[in-house]
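Participant: build me a structure from this.
(chains A and B)
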Amino acid sequence: MKKKYMSILLTAALAVGALTGCGANDSKQKDSDTKKADSNNDGEGKVINIYSWNDEFYKRVLAVYPEVKETSKDGSVTTLKDGTEIHWIINPNQDGVYQQKLDEALLNQADAAADDKVDIFLSETDYVYKYTDAEADAAIPLKDLGIDPEKDLADQYSFTKVTASDEYGVQRGSTWQCCPGLLVYRRDIAKKVFGTDDPTEIGEKVKDWNVMEETAKELKAKGYYTFASYADTFRLYGNSIDEPWVKAGDTVIKIDQKIMEWVDNSKKWLDAGYLNKTVKGQWNNDWNQAMGSKSKVFAFLFPAWGIDFTLKPNWDGDNGAWAVTNPPQEYNWGGSYVHACTGTDNPQHVKDIILAVTANKDNLLKISKDYLDYTNTQSGMKEAAKDNKTYASEFLGGQNSFEYFAPVAENIKIAPLSAYDQGCVELIQNSFTDYFQGKVAFDKAKTNFETAIRERYPEITEIQWPK
Amino acid sequence: MKKKRKSISYAKWGYIFILPFFASFFIFSFIPLADTIRYSFFEYYRSGIKEIGPNFVGMENYVSLLESDMLKYAGNTIILWVIGFIPQIVIALLLAAWFVDIRLKIHAKQFFKVVIYLPNLIMASAFAMLFFTLFSTNGPINEILMAIKIIKEPIDFMGSIFGTRSLVGLMNFLMWFGNTTIMLMAAIMGISTDIFEASELDGCNSIQRFFRITLPLIRPILAYTLITSIIGGLQMFDVPQILTNGQGRPDRTSMTLIMFLNSHLKSKNYGMAGALSVYLFIVSGILCFFVYRMTNGNNSDKPGISAKLRKRARRG
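Facilitator: The predicted model follows:
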């Protein structure tokens, strides 16, 4: 009897034990036989570990870094001419997997063997602040690496430099892309509704929110949606907030007036039928389908990567069906930052890679040409805007999108960032979804946001709503 | 003396053979378990990449959990479980009674047993993913319904409390009714055929036989099924997590306890998550105690079945 009792207890213990195991880290990159290369830089390690969430950076390094010799078939190891190996450690962004793995590696950075140390890691605008934080000291200031932001990165757009700096203004990362956003619209729908698909004339119809609303009415009358989902417009409001979600060192979330404007307008637009009610947020199947030829959605708001990386794969019709024009409000969305990781054993290589991918104008122009990125070179992009021959996009029916990106990029005023941006952006959209869909009252949506944000960030003490 | 020396003790081999289990249990389950309980008394989480704590806070985590919506999520969990369990046990009883009935002469019994068990073999998350796609507003189910003109506008299944909860219930039912059927079949087969024969001679019809003989005699197993299913239900998360993208939409009405736990683990809040686990542990422990009492209680009829079945069953 006792034994049976014990076995039941143990089974229950096992069950609970299994639940606790969730956070365990098993991702430690196994160092496959690191062959000793004959020639090697003095004092540099033999392995450069790069953490990223997709192959974006990988492709760009292979495209422009001159030292690259070859890459293994599975793409996980790139060998440089001097024998140094780059190990690509790629974990998906979904559900915060990438950050979990990276955080784990960063916590072990001090104790890791030289060849296991993280050398370069990437971050997105939504959480760049988490890693550039001066106190956390995960990313090396560029100056310490031997890069002078004033001189070496003079041609970069200044807002990208601000974004990659810590609270004392020390730049701790650099990016090859700059992500001004545009309005991408369906030419066939434009012709049917407005009688023209000319980007300048359509641009007039979407030049600000008031005009945009009139346009939305016209589209609605003909049975079309203006945008797919309320989340589509979020970046335009969310990235123009005046104050950060959380002030540095503070534990109070201040919700900006702009966010509430987004909530009000989204509700209004959804109820008016300007948005597709069945598309709930972004990055889901319904949203992807809204970019297909059967969809009734007129436009999307996308930066360069969105057109190439999201819209193009989801579009099932011919090239030339979409065109770009100015958005109702200048905005910036996304951007991948490259950081040198504290404790790296390959500072020289890291510096070279960062300079090659983010500061060399010729390389950046090549990236623009090959991957349609709006790259981080002010003078280069001015040239590209005028060069309709080289930069004509096949997908956009021969339109040179850089012509439209350039003025937006000039006017971007980057919103003040905080380390909590990602959670706030994600949870406010989630919480108010129920409100937009008419499932809960406005106040209930607010409380749901408060509950969710406190779960995500236990240190938050207070949430302040405007008014 | 001589005699004693000759007898060999095989007991130590027994111990050696079970040692690997105990060693791995100790390392991989017992230590984390003890740690979970220990951390539940600490403030211990991560802010960005900075670790906060562990600072001892006593029962604070437990208190703040009680103040939070934990009980609401417990309610959700129970509701979701009930929606899945009721059809599951009814169908399983019916099928088990039919399959075992010799006079019905059902052909290809083995085949059906395999088929009804199959959904259990699919990963719950894959199953949930499938349903998510099938029932999405622009998904195939809506398209079919619209094509055969049953509805005009697509139904937003996952947008309503009723829709989401029924989908979760439906999935749990589909996944577990096969398992339960097989368990109940074993229980019914354990009843002596003499009793059935005797009842027939006395003029019992099949409905009477089911309610007066089968059901009372398998009651211990039924109770066992019920309790293991509650314990399994308490830990439910994969289906609603995938179906609602971890949000428990709409309005957190399909947020289960373990999903609540998961959202704490996003910030690596080991303290709070530990406290929640301890609550769950206590509830599961109490339920386990009931299982133990029911299956090993003083009913004399068939002590053998319950022991045999317990080995087979996991949850359901």
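
Participant: the residue of the stretch 151-300 of chain A found nearest chain B - nearest residue in space that isn't next to it in sequence?
Facilitator: Closest approach between the stretch 151-300 of chain A and chain B, counting by Cβ to the nearest Cβ: A:T278, at 3.8 Å. C-beta coordinates here come from the backbone N, C-alpha and C atoms, glycine included. Excluding its sequence neighbours, the residue lying closest to A:T278 (Cβ to Cβ, 6 or more residues apart in numbering or on different chains) is B:T137, at 3.8 Å.

Participant: name the SS class of A:H87, please.
Facilitator: Look at A:H87: counting by DSSP: H, G, I helix; E, B strand; the rest coil, its state is strand.

Participant: host element of the residue nearest to it when sequence neighbours are not counted?
Facilitator: Leaving aside its sequence neighbours, A:H87 sits nearest to A:N49 (Cβ to Cβ, 6+ apart; 5.0 Å). For A:N49, the host element (DSSP states H and E) is strand A:47-52.

Participant: name the residues of that strand that are buried.
Facilitator: Neighbour counts using 16 or more other Cβ atoms under 10 Å in any protein chain shown place A:47-52 of strand A:47-52 among the buried residues.

Participant: what number of residues lie near A:E167?
Facilitator: Counted by other Cβ atoms under 10 Å in any protein chain shown, the residues lying close to A:E167 total 15.

Participant: I meant to write A:E459 there.
Facilitator: Using other Cβ under 10 Å, A:E459 has 17 other residues around it.

Participant: quick check: it touching B:K50?
Facilitator: No: counting by Cβ atoms under 8 Å, A:E459 sits too far from B:K50 to count as a contact (9.8 Å).

Participant: rewinding a little: just checking, the residue nearest to A:H87 touches A:A112?
Facilitator: No: judged on Cβ under 8 Å, A:N49 makes no contact with A:A112 at a distance of 9.2 Å.

Participant: and the strand or helix carrying A:E204, average pLDDT?
Facilitator: In the assignment (DSSP H and E), A:E204 maps to helix A:199-205. For helix A:199-205, the mean pLDDT works out to 92.

Participant: off-centre distance for it?
Facilitator: On the basis of Cα atoms, centre = their mean, to the nearest Å, helix A:199-205 is displaced by 28 Å from the centre of the chain it belongs to.

Participant: for that helix, name the packing helices and strands.
Facilitator: Under the contact definition 3 or more Cβ pairs under 8 Å, 6 or more residues apart in numbering or on different chains; DSSP states H and E, helix A:199-205 sits against helix A:187-194, helix A:209-221, strand A:322-325.

Participant: so which bits of the second one are buried?
Facilitator: Using 16+ other Cβ under 10 Å as the test for burial, helix A:209-221 gives A:212-213, A:215-216, A:219-220.

Participant: and stretch A:381-391, by the same measure?
Facilitator: A:381, A:383-385, A:391.

Participant: can you list the residues that contact it?
Facilitator: A:178, A:365, A:368-369, A:374-375, A:400-403, A:405-406, A:409 (Cβ atoms under 8 Å, 6 or more residues apart in numbering or on different chains).

Participant: separation between A:K386 and chain B?
Facilitator: 42 Å (Cβ to the nearest Cβ, to the nearest Å).

Participant: show me what contacts A:N411?
Facilitator: A:N411 neighbours (Cβ under 8 Å, 6+ apart): A:E330.

Participant: swap that for A:K161, sorry
Facilitator: When contacts are counted by Cβ under 8 Å, 6+ apart, A:K161 touches A:149, A:153, A:171, A:174.

Participant: let me have those in TSV, adding neighbour count, secondary structure and pLDDT as columns.
Facilitator: Output for those, formatted as TSV (neighbours: other Cβ atoms under 10 Å in any protein chain shown; DSSP: H, G, I helix; E, B strand; the rest coil; pLDDT from 0 to 100):
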residue	neighbour count	secondary structure	pLDDT
A:P149	19	helix	89
A:L153	24	coil	91
A:Q171	23	strand	94
A:S174	25	strand	94
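
Participant: that's all I had, so thanks and see you.
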